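*Asks:* Structure for this input, please:
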Amino acid sequence: MKHQEAFDLLNEQLKDIPKSQIRIMSLSVLPRLMDILDHKQETCPYCRNHSHQGESFVKDIRPLFEQNIQKTKSFEHWVDEAQKHLKTEHKLHVKGRIASTYTTIGMAIGAFIGFLLAYFFDLNTVIGTISIGWAIGMILGYSSGKLRERKLHKNNHLY
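*Replies:* Numbering: from 1, shown residues only. Just a heads-up that it's a prediction; the model follows:
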């Protein structure tokens, strides 16, 4: 299933669903996932299988928003398995995931370093030092994540 076809089917089914719910489910990645699986299904039987499973979810996405727990779990399992396969076998990564991971790690490390500085140098402004460390870590993590994604994009390893 091509990107635009998946996008149109999802938009048609999710007209009355709030955008926040759609974002929580990360459905913006679904058309890109379906597109890359469609491209790889010619040469990879696992991608073909994931693509067929994905088509059934795209064609009937409404149960995910109707508190159908079993359908939601099977959808999440399918997404995880498809993304793991693409990452391990084809070296393909989801656009934005690396940057967000690096940003989160940078924030944690920055806050920890800020805390250590405030603790060992006996600074009175512990919250301020932690906040500055957090902000610097966020900027450095985001920048390094974006650089890594840019490199992956140049090598066509990002979808």
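
*Asks:* After the lowest-mean-pLDDT helix or strand in the chain, heading C-terminal, what element do we hit next?
*Replies:* When each helix and strand of the chain is scored by mean pLDDT, DSSP states H and E, helix 19-24 comes last, with a mean of 85. Sequence-wise, the next helix or strand downstream of helix 19-24 (DSSP states H and E) is helix 30-40.

*Asks:* which residues touch that next one?
*Replies:* Here helix 30-40 makes contact (C-beta atoms under 8 Å, 6 or more residues apart in numbering) with 1-4, 6-7, 10, 47, 50-51, 54-55, 57-58, 79, 82-83, 86, 90, 92, 94-95, 159. (Each C-beta comes from the backbone N, C-alpha and C, glycine too.)

*Asks:* mean confidence score for that helix?
*Replies:* Mean pLDDT, helix 30-40: 94.

*Asks:* Now do whichever helix or strand comes after it: distance to the chain's middle.
*Replies:* For helix 30-40, the following helix or strand on the C-terminal side (DSSP H and E) is helix 45-59. In terms of C-alpha atoms, centre = their mean, to the nearest Å, the centre of helix 45-59 is set 19 Å apart from its chain centre.

*Asks:* elements contacting the next helix or strand after helix 45-59?
*Replies:* For helix 45-59, the following helix or strand on the C-terminal side (DSSP H and E) is helix 69-90. Here helix 69-90 touches helix 30-40, helix 45-59, going by 3 or more C-beta pairs under 8 Å, 6 or more residues apart in numbering; DSSP states H and E.

*Asks:* I appreciate the help and will end here.
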